[in-house]
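In: Build me a structure from this.
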Amino acid sequence: MDNVVIFETPEKGRGLKATKEFWAGDVIFSEPSLAAVVFDSLAERICHSCFRRQDKLQRCGQCKFAHYCDRTCQRAGWAEHKQECGAIKAYGKAPNENIRLVARIIWRLDKEGSVVSDMQLTTLDELEDHITDMQEDELKDFKVDIHNFLDYWPRSSKQHTLDDVSHIFGVINCNGFTVSDQRGLQAVGVGLFPNLCLVNHDCWPNCTVILNHGKIELRALGKITEGEELTVAYVDYLNLSEERQRLLKTQYFFDCTCEHCKNRIKDDMKLGGREEEGVKPSEEQVKEATDYCWKTVEKMDEARLKGDYHEVVKTCRDCIEKTEPVLADTHIYLLRIWSTLSEVQAYLQYFDDAAEYARKMVEGYIKLYHPNNAALGMAAMRAGVTHWQAGQIEVGHGMICKAYAILMVTHGPTHPITKDLDAMRIQTEMELRMFKQNEYVYHSMREAALKNKPMSMMHEPKSVEEGIKNLFHRKK
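Out: Modelled structure (predicted):
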């Protein structure tokens, strides 16, 4: 692989450096998974070969567990599923996703050796497993998985030592990467990508990772000079520095010493008060509003899980009325409430309200996130669509163009989301021209079109913790 080179430091261990200059949107490398499996919870709704979501899937006639789009996908996935199929039949049921992933990895290594591609930079033996760093409760679950794996592993397959099996479980525990569906909007499985395991973390990284047509792509977020270390964010930057450090220590077993953590950059904005004409609320007022917001987030999440969306709206509105005059428009709890309220109102088809809160959310994100952050791009896309649904074509088109510019960097022109967004951009541009020529005719034509083809119900709102922000899979 010509674009990167492995280096080592006492503080971070191994990492990757660029061997040439890159610019925003450049693909530094792409990599297929060593192995990947569908999440247990989605085993009957996602194709086990192409990871597409389909309404009707064909079940494997032998193990009764694996599901496929059609015979083509079943044949394509047979090489990986063949041994798994027999093992599931013999075991009597499918084990959990971690056991299935480890088994697929070992079967492939047994067949092809420790290096399965000329592009592979590291073997699994060289990757850290962090077993000695695990907490007692995590170690207990870890041992249960290994015990169940040994029961599941066929006697006819090559036998491996307990240390070797434990090492691979440890590697996927801290290096598993989320596999998304065909449009990249939902996490549907977990896989292992050896080269990606070498890319270290930074809270303000110079790269992002996206899954595109079955391969991960490491893409540059801006200019990267020759010899510069390549980094990605393992956790969401919207968390406070202390929370990011806690997550990184408990989930990935290291202390983050990046500039943003050391200097707590933007933490004051994330829990700050609103300044009006040079006047700020007192610390006590900000703390009181923050506490109220946090309690609202808990109530909001509880009501959303129950599907009581009208209660979500009431809870959020009460909180906004009390706290919006006090808290900054970058306050992370207020942003979360705006985001949820926008999603729920769009689902309930109150598009004017949804558009207002989506706009506020994006404006806050712009002040906090890296300009080419994928979460910002996705939020701008959602806000653009919501404004279009509300008939606010000028703002909608502007948001969609902003989202398109970001996703061209983070996802690239061939990604299904970027293609969808490009189609939206062209459509809204055409509608905007019509709007500027004759506003009355535009709204009349739009109303007639919507009557002939009623707007479809939005998908049920999901947690903001899902999807694009959680690319690095960790067993919780």
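In: after whatever helix or strand residue 37 lives in comes which helix or strand?
Out: According to DSSP states H and E, residue 37 maps onto strand 35-38. Downstream of strand 35-38, the next assigned helix or strand under DSSP H and E is strand 58-59.
In: So which residues of the stretch 201-350 of the chain form strands?
Out: 207-212, 215-220, 231-232 (DSSP state E, counting those that start in this stretch).
In: Same list (these) but as a markdown table, adding mean pLDDT, distance to residue 353 and mean neighbour count.
Out: C-beta: built from backbone N, CA, C; applies to glycine. A markdown table is the format used below for the strands of the stretch 201-350 of the chain (pLDDT from 0 to 100; distance: least, C-beta to C-beta, whole Å; neighbours: other C-beta atoms under 10 Å):
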| stretch | mean pLDDT | distance to residue 353 | mean neighbour count |
| --- | --- | --- | --- |
| strand 207-212 | 93 | 31 | 22 |
| strand 215-220 | 95 | 35 | 21 |
| strand 231-232 | 96 | 36 | 20 |
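In: so residue 44 sits right up against residue 58, yeah?
Out: No. At 11.2 Å, residue 44 and residue 58 do not qualify as touching, with contact defined as C-beta atoms under 8 Å.
In: Comparing those two, which shows the higher neighbour count?
Out: Taking other C-beta atoms under 10 Å, residue 44 and residue 58 do not tie; residue 58 has more neighbours (15 against 11).
In: Just the pLDDT at the more buried one, thanks.
Out: As predicted, residue 58 sits at a pLDDT of 95.
In: got a markdown table for the strands of the stretch 201-350 of the chain, with distance to residue 284 too?
Out: Supplementary listing: the strands of the stretch 201-350 of the chain in a markdown table, determined by distance: least, C-beta to C-beta, whole Å:
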| stretch | distance to residue 284 |
| --- | --- |
| strand 207-212 | 40 |
| strand 215-220 | 45 |
| strand 231-232 | 39 |
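In: hey, C-alpha coordinates of the strand holding residue 37 in CSV?
Out: Provided in CSV are the C-alpha atoms of strand 35-38 (Å, rounded to 0.1, in the frame of the first residue of the first chain):
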residue,chain,number,x,y,z
ALA,A,35,-15.1,-11.0,8.0
ALA,A,36,-18.4,-9.4,8.9
VAL,A,37,-21.7,-10.6,10.4
VAL,A,38,-25.2,-9.2,10.7
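In: mind listing what that strand pairs with, with the direction of each?
Out: strand 187-192 (antiparallel) (DSSP bridges).
In: if we look at the strand it pairs with, which residues are touching it?
Out: 33-39, 42, 46, 51, 53, 97, 101, 105, 124, 171-172, 175-181, 466-467, 470, 473 (C-beta atoms under 8 Å, 6 or more residues apart in numbering).
In: how about 6 Å then?
Out: For strand 187-192, contacts defined as C-beta atoms under 6 Å, 6 or more residues apart in numbering pick out 33-34, 36-39, 42, 46, 51, 172, 176-181, 473.
In: How far off centre is the lowest-mean-pLDDT helix or strand in the chain?
Out: Lowest on mean pLDDT, DSSP states H and E among the helices and strands of the chain sits helix 439-452, with a mean of 78. A distance of 37 Å separates the centroid of the chain from that of helix 439-452, by C-alpha atoms, centre = their mean, to the nearest Å.
In: For that helix, could you pull out the residues that count as buried?
Out: 442, 446 (16 or more other C-beta atoms under 10 Å).
In: As CSV, could you dump the C-alpha coordinates of that helix?
Out: Presented in CSV, the C-alpha positions along helix 439-452 are these (Å, rounded to 0.1, in the frame of the first residue of the first chain):
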residue,chain,number,x,y,z
GLU,A,439,-44.1,32.3,-6.4
TYR,A,440,-47.9,31.8,-6.7
VAL,A,441,-47.5,29.3,-9.6
TYR,A,442,-44.8,27.4,-7.7
HIS,A,443,-47.0,26.9,-4.6
SER,A,444,-50.1,26.0,-6.7
MET,A,445,-48.1,23.4,-8.7
ARG,A,446,-46.6,22.1,-5.5
GLU,A,447,-49.9,21.8,-3.8
ALA,A,448,-51.4,20.0,-6.8
ALA,A,449,-48.5,17.6,-6.9
LEU,A,450,-48.8,16.7,-3.2
LYS,A,451,-52.5,16.1,-3.6
ASN,A,452,-51.9,13.7,-6.5
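In: who does it touch, helix- and strand-wise?
Out: On a contact count with 3 or more C-beta pairs under 6 Å, 6 or more residues apart in numbering; DSSP states H and E, helix 439-452 meets no helix or strand.
In: begin at 24 from here
Out: With 24 as the first residue, the last one maps to helix 462-475.
In: Would you tell me which of the strands of the stretch 224-373 of the chain gets closest to residue 391?
Out: Within the strands of the stretch 224-373 of the chain, the stretch nearest residue 391 is strand 230-235; the backing value is 16.2 Å (C-beta to C-beta).
In: quick check: angle from the closest one to strand 238-243?
Out: 150 degrees (axes from the mean of the first three to the mean of the last three C-alpha atoms, to 10 degrees).
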